[in-house]
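> Whatever this is, show me its structure:
(2 chains)
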Amino acid sequence: MRKGRWIRSVLISTVVALAAFAAVISAHYHPVLGLDLQGGASVVYKPARKVNTATLNETISIIQDRVNALGVGEPSIGQQGSDIVVDLPGIKDPKTALSYIGQTAILQFRPVLCTAPLYTKPPASLHLKKSQLTPTCPTSTTNTASTLQYVPSTSPLKATSASTALLPEYQGNSKTVIGRYVVGPTLMTGNAIKSVFAAPVSQSASNQWAINFTLTSKGAPLFNQIAKTYYHQLLAVVLDGTVQSAPQINSTNFNGQGQITGNYTQASATDLATILHYGALPVQLVQQTVQTISPTLGAASLRAGLIAGIAGLVLVMLYTIFYYRLLGLVVVGGLATTFAALWAIIGYLGHSVQLTLNLAGVTGIIVSIGVIVDSYIVFFERLKDEARNGRSLRASVDTGFTKAFRTIIAADLVSFIGAALLYYFSIGDVRGFAFFLGLSTILDVASAWFFTRPLVLWIGNSISPKHYRWLGVPVVQVTRESTVGSGVIKPSRVAAKGV
Amino acid sequence: MVREGSDTSDSIESEGFKAKTIDASEASWWRRLGAGATHYPFVQRSRYYFVISFLVIVAGAAALSARGLNFGISFKGGVSWQVPSATLTVAQASKIVARAGVTQATVVTLGAHSARTVEVQAGLTKLSGAARTAKENQVAALLAAKAHLPSSAVAIEFVGPTWGGQITNAAVKALIAFFVGIVLYISIRFEWKMAAAAFIAVVHDLLVTVGIYALSGFQVTPSTVIAVLTILGYSLYDTIVVFDRIKENVGGLVDPGKMNYSDAVDLSVNQTLARSLNTSLVAVIPILSVLVLGAYVLGATTLKNFGLALVVGLTSGAYSSLFIAAPLLARFKERERRYRQIRARLERRNAPVEAEGLPAS
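Prediction:
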């Protein structure tokens, strides 16, 4: 008997779906919620001019660095065509963060007030007052070993402000801090720079390089002014909150051009020149869309989506149970296993590829309830057709499924092709929607084959003819042609129906 | 369907199964529908349906040319503020926004009680960069203060003026790809005339939905675009199920010369009518739940935009599968010589039968 195989198939598919669900739950792979569901900020940037892939990648990696410096949990920086999408879920101060991330050039010239010792973790016994945490230079020689070494470097966000800051200097691209400076408010920004080029220092025999720059007509007098004020002092070239270099001012008149010398190799000099020329980002970015959503509003949307989805699901289940009785329960079981599997996949993909579930995705899933239940309806109506044509329930289930499955495949393929094309060609929310619609379409086919078919076959074979009404299969067979209507349905057809 | 008699192995069970045999003229509409035994002349009356659809589309087109579509800020660019507040009134919000120097703002509320949200939308695309951000934050702070909330509770969305073009571009590309893909698939799986009929029905749904949006002035947002694309999928899905049955009935009834093509289409549509109605109902229930519960009661804006388009389109999609796609297919196929011959032969043969009145069963 094939009964054993059917039961096994039902059990295996149920167990697989539930096990996957349980595994994902126990591994704490919760679905990653989109910004619209958990609050946060999202920006889409577009380069102001056409750029090649290398430039775009460079831009993205710089933004990545900036975002990492913010310390936001699970940020995502992605590329969509030539656009850059930055998602900052759960961020507390989105406004400041966004203005920091998207700025083309946070290049500043700031006076060095004093050099500071490297940061040391304060001993547990030491409790610094808030006032002591602000970077201030030692006022006399007596307190040189001041608390400065216990004061952490100013975060890049605050370094953009006009106040005094304690900034680190890194060794090249590595994260090794080689020096720290207390710098004063910004004197001049990158806007004053007209052009920059790296060149070897001609007199130097030791292969030293320097960065030469020319200033704009506005920048030149300003720079001279600075040079006079801070003559023989250090001027820090600050980029994104870190000191790139702190050369000494050795002249009071620069004639609109200057040179930064230091311990530069050809590579590091060229790097700095590029940075000075373009600012941090190699291309100016234009905000396409900016979205900030408070966590409460996000939570409210999630709640609305979930409640609406569950209510819809319950109503659909009630209807199918009303109309198809025992078969309606099959639908309920099928939906439960499908959703367990769907949840497992969403949770797993959220963990492995940062797939986020946003409101559009939630609606996609809600919409797919209709698609999934439709497959059952196609099958059950087929089953009834076969029964009306005089087949036994057992045979009706069998042939009914074969025919219905062909229809389901044809129709699901349409949905799937639609979802796939939609995913490929669209942007933003549409993609999330298409993804979840496509995913549930695949699950629909799988559940029809591995769950519904064997379960209904088993029911059809086990149930006694006395209890057929449990299936909600009204075996109303129409024997005579109705006299109503236009009469287009010709009598010959009734005979053809094979009564 | 043609059955040459049941398998012998089934005969024992079939007695219990064929419990009720009812004369169609005595059966209720509900029973007849469930048994696929209704006789609605979809093809014969199709002229009326085409005219109805044509009028709806023309009305929509007129509204479209007269006042166009009400595009949301995602398409035309602008700023929107969402304040979750049970107390802030539209008048208060409008006043605050006007005082902040933001002109031509629209203020709406959504949801009720604790789920109530006040949404303000304004152009502001002329301001650039920092000035705009400053204005956004100023308005957010003012609205938050009035609603006794921290300013971070106000959701702000800015959309650049060129973004809408990009969305539209992507949507149009997706739409074209969708059409090409689907037409190819139906042509291969079925035949090109079915693909053509399905395509026309889908375009019909698209036009009707756009028309209703133009007539009603509902706001068009990216969610609407998603919804419209979904509708097209649904509509095709419905059409495919009906066509699948037509194909089967044509193979079993028309090709052996027992029925003409149009009658086979009518039969197929009637046979699948219970499914079509059940499916539409099952599809519309979750969407109504999204619209009524999610959007209006619980106040999720995105859900509202989505639900509206889906309800409009789903109705159109269900309608077009039955009243446009199937009759069109019949008309296309009846032009073929083979099916003209079958029709002529059947008409000759059936004439005397009809003259005798109703057949004895």
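> Enumerate the residues of the stretch 51-200 of chain B near chain A.
Taking CB under 8 Å from any CB of the partner chain as the contact definition, the stretch 51-200 of chain B meets chain A at B:74, B:82, B:84, B:115, B:117, B:130, B:133, B:137, B:152-160, B:162-163, B:166-167, B:170-171, B:173-174, B:177-178, B:181-182, B:185-186, B:189. Using the backbone N, CA and C atoms, a C-beta is placed for each residue, glycine as well.
> Out of the residues you listed, name the ones that lie in strands.
Using DSSP state E, B:82, B:84, B:117, B:155, B:156, B:157, B:158, B:159 are the members of those that sit in strands.
> And the furthest pair within the residues you listed?
B:84 and B:159 (20.6 Å; CB to CB).
> the more surrounded of the two?
Legend: neighbour count by other CB atoms under 10 Å in any protein chain shown for residue B:84 and residue B:159, higher for residue B:159 (25 against 21).
> Hmm, residue B:71 and the more buried one touching each other?
No. The pair residue B:159 / residue B:71 is not scored as a contact, 10.8 Å apart, by CB atoms under 8 Å.
> residue contacts, residue A:89?
Counting by CB atoms under 8 Å, 6 or more residues apart in numbering or on different chains, residue A:89 touches A:33, A:34, A:35, A:38, A:39, A:40, A:72, A:73, A:74, A:75, A:76.
> Identify the residue spatially nearest to the first one, adjacent ones excluded.
Yep, that's residue A:33 we're talking about. Among residues not flanking residue A:33 along the chain, residue A:357 sits closest, at 5.8 Å (CB to CB, 6 or more residues apart in numbering or on different chains).
> which residues touch whichever residue of the stretch 51-200 of chain A sits closest to chain B?
Going by CB to the nearest CB, chain B is nearest to residue A:95 of the stretch 51-200 of chain A, at 6.0 Å. Each residue near residue A:95 by CB under 8 Å, 6+ apart is listed here: A:292, B:133, B:137.
> Out of the residues you listed, the closest to residue A:241 would be?
Nearest to residue A:241 among these, with distances taken as CB to CB, is residue B:133, at 20.1 Å.
> what's the burial count for the closest one?
For residue B:133, using other CB under 10 Å, the count is 19.
> wouldn't residue A:349 be in contact with residue A:356 here?
No. With contacts counted by CB under 8 Å, residue A:349 stays clear of residue A:356, the gap being 9.4 Å.
> Between those two, tell me which one has more neighbours.
residue A:356 (22 against 18).
> From chain B, how far off is that one?
15 Å (CB to the nearest CB, to the nearest Å).
> ok, that residue - contacts?
With the criterion set at CB under 8 Å, 6+ apart, residue A:356 makes contact with A:32, A:33, A:34, A:35, A:76, A:87, A:350, A:432.
> next one: residue B:226
By CB under 8 Å, 6+ apart, the contact list for residue B:226 reads A:360, A:363, A:429, A:430, A:433, B:306.
> same check, this time on residue B:236
A:414, A:418, B:182, B:198, B:202.
> Tell me, how many residues neighbour the residue in the stretch 101-250 of chain B positioned nearest to chain A?
Here the stretch 101-250 of chain B gets closest to chain A at one residue, residue B:174, 3.7 Å apart by CB to the nearest CB. Per other CB under 10 Å, the neighbour tally for residue B:174 reads 23.
> who touches it in this structure?
So residue B:174 contacts A:421, A:422, A:424, A:425, A:426, A:430, B:229 (CB under 8 Å, 6+ apart).
> Please repeat the previous calculation with a cut-off of 10 Å.
Contacts for residue B:174 (CB atoms under 10 Å, 6 or more residues apart in numbering or on different chains) come out as A:418, A:421-427, A:430-431, A:434, B:225, B:229.
> which of the residues you listed count as buried?
The neighbour-count test (16 or more other CB atoms under 10 Å in any protein chain shown) marks A:418, A:421, A:422, A:423, A:425, A:426, A:427, A:430, A:431, A:434, B:225, B:229 as buried among these.
> Would you confirm that the first one contacts residue B:178?
To tie it back to what came earlier, the one meant is residue A:418. Yes. At 5.5 Å, residue A:418 counts as touching residue B:178 under the criterion of CB atoms under 10 Å.
> what's the overlap in contacts for those two?
Joint contacts of residue A:418 and residue B:178 (CB under 10 Å, 6+ apart) are B:229, B:232, B:233, B:236.
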